[in-house]
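A.B. asks: Build me a structure from this.
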Amino acid sequence: MTSIERFDFHNPDEPGEEPLYDTLFDILSQALQPDAELSLGSAVEQLSATIPSEQDHSSGMGTFLPTCYELAAQIPYNHASLVKVITIMDMVIASNAAVQGRSDNRSFKYQTLSETLRDWWNSSDPSESPQHYISFQTFAAHVLSRGMGRGTHLAQWTLQMAFEDRKKESMTPLYLEAYVMAASQWIVIYGEEIYRDAVAGGQGWFFKKSSTDLTLKHWRRWKKDFRGVAGGKSRGGIDSGEECKRLAASAAEAMDELELKKGQ
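C.D. replies: Numbers count the residues shown, from 1 in each chain. Sure, this is the predicted structure:
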């Protein structure tokens, strides 16, 4: 019988430095294993009971959500447990007393999530671990695709880093591939929203009219860039690996399909 490879989750904090974080990390680490004995329902119950239920919604969630982000980054980007993190997050948020008291206010429900997710995105960089970077970006795309956030700014910034803002002379192959693979995931998972904003010329939520608006010109240029990577075109003197080429090809194909579907 083939054994299931378990995740070797690493808690970056010193033991005892933040007891609440340690407890949440331990519960999530058990629930997210491929062969988890702790059921999703039991994990949500334990997590909800552990998080302080004070009316200051942001306090307990301000520790719980970053714990989820840390673990999500350590899960392979194409593993089902990455989506399981999001399911647990959504269920725990919904069970919070402060949220239940304002169930009609969706913006309030996900306010702390939006704030902390953007903070983590801002500090997300492939220099420490390219694989963690790809996983976190994939996770963030799934969060927004699930309707737990709004806007396309994180996606646009990721695409810009992959194809526009990077300094080629300082790129290593692993860094370059991480940027391109992360951008590919945003298109495959959240491409419909990105395309909608591109068609609207930056008039979607978050964007204000400026010279850097998201437009179809950006969309078409990124599609050309993805095709270049998929076809083996060297970028900055760096050749992409097969996995990066495959994801880039998937992104370009998804963009073609969206254009046909939306009639643009």
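A.B. asks: the longest helix in the chain is where?
C.D. replies: What stands out as the longest helix in the chain, according to DSSP state H, is helix 173-200.
A.B. asks: Can you mark which positions in that helix are buried?
C.D. replies: 173-191, 193-195, 197-199 (16 or more other CB atoms under 10 Å). In this view, the C-beta of every residue, glycine as well, is placed from N, C-alpha and C.
A.B. asks: just checking, next helix/strand downstream of that helix?
C.D. replies: Using DSSP states H and E, the helix or strand that follows helix 173-200 in sequence is helix 216-230.
A.B. asks: Does anything pack onto that next one? Which helices or strands?
C.D. replies: On a contact count with 3 or more CB pairs under 8 Å, 6 or more residues apart in numbering; DSSP states H and E, helix 216-230 meets helix 153-163, helix 173-200, helix 242-262.
A.B. asks: where are the low-confidence patches of the stretch 1-150 of the chain?
C.D. replies: 1-3, 53-58, 97-108 (pLDDT under 70).
A.B. asks: Now do the helices in it.
C.D. replies: With DSSP state H, counting those that start in this stretch as the criterion, the stretch 1-150 of the chain has helices at 19-31, 40-50, 57-73, 80-95, 97-100, 106-109, 111-123, 130-145.
A.B. asks: Remind me what the last one packs against, helices and strands.
C.D. replies: In terms of contact count using 3+ CB pairs under 8 Å, 6+ apart, helix 130-145 is assigned the packing partners helix 57-73, helix 80-95, helix 111-123, helix 153-163, helix 173-200.
A.B. asks: okay, those helices in TSV with distance to Glu257 next?
C.D. replies: Shown next, in TSV, are the helices and strands packed on helix 130-145 (distance: least, CB to CB, whole Å):
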stretch	distance to Glu257
helix 57-73	27
helix 80-95	22
helix 111-123	26
helix 153-163	17
helix 173-200	9
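A.B. asks: so who does Trp157 touch?
C.D. replies: Trp157 is in contact with Trp121, counting by CB atoms under 8 Å, 6 or more residues apart in numbering.
A.B. asks: again, only using 7 Å
C.D. replies: Counting by CB atoms under 7 Å, 6 or more residues apart in numbering, Trp157 makes contact with nothing.
A.B. asks: Please list all residues in contact with the closest residue in space to Glu243 that isn't next to it in sequence.
C.D. replies: Nearest residue to Glu243, sequence neighbours excluded (CB to CB, 6 or more residues apart in numbering): Met181, at 7.3 Å. Counting by CB under 7 Å, 6+ apart, Met181 makes contact with Ile134, Cys244, Leu247.
A.B. asks: before we move on, what about Gln185?
C.D. replies: By CB under 7 Å, 6+ apart, Gln185 lies in contact with Tyr77, Gln137, Thr138, Ala141.
A.B. asks: From what I see, the first one and Ile134 are in contact.
C.D. replies: Yes: in this structure, Tyr77 sits in contact with Ile134. The criterion is CB atoms under 7 Å, and the distance is 4.9 Å.
A.B. asks: between the two, which one's more packed in?
C.D. replies: Comparing Tyr77 with Ile134 by other CB atoms under 10 Å, the one with more neighbours is Ile134, at 28 against 22.
A.B. asks: show me the residues around the more buried one that make contact.
C.D. replies: Residues near Ile134 by CB under 7 Å, 6+ apart: Tyr77, Ala178, Met181, Ala182.
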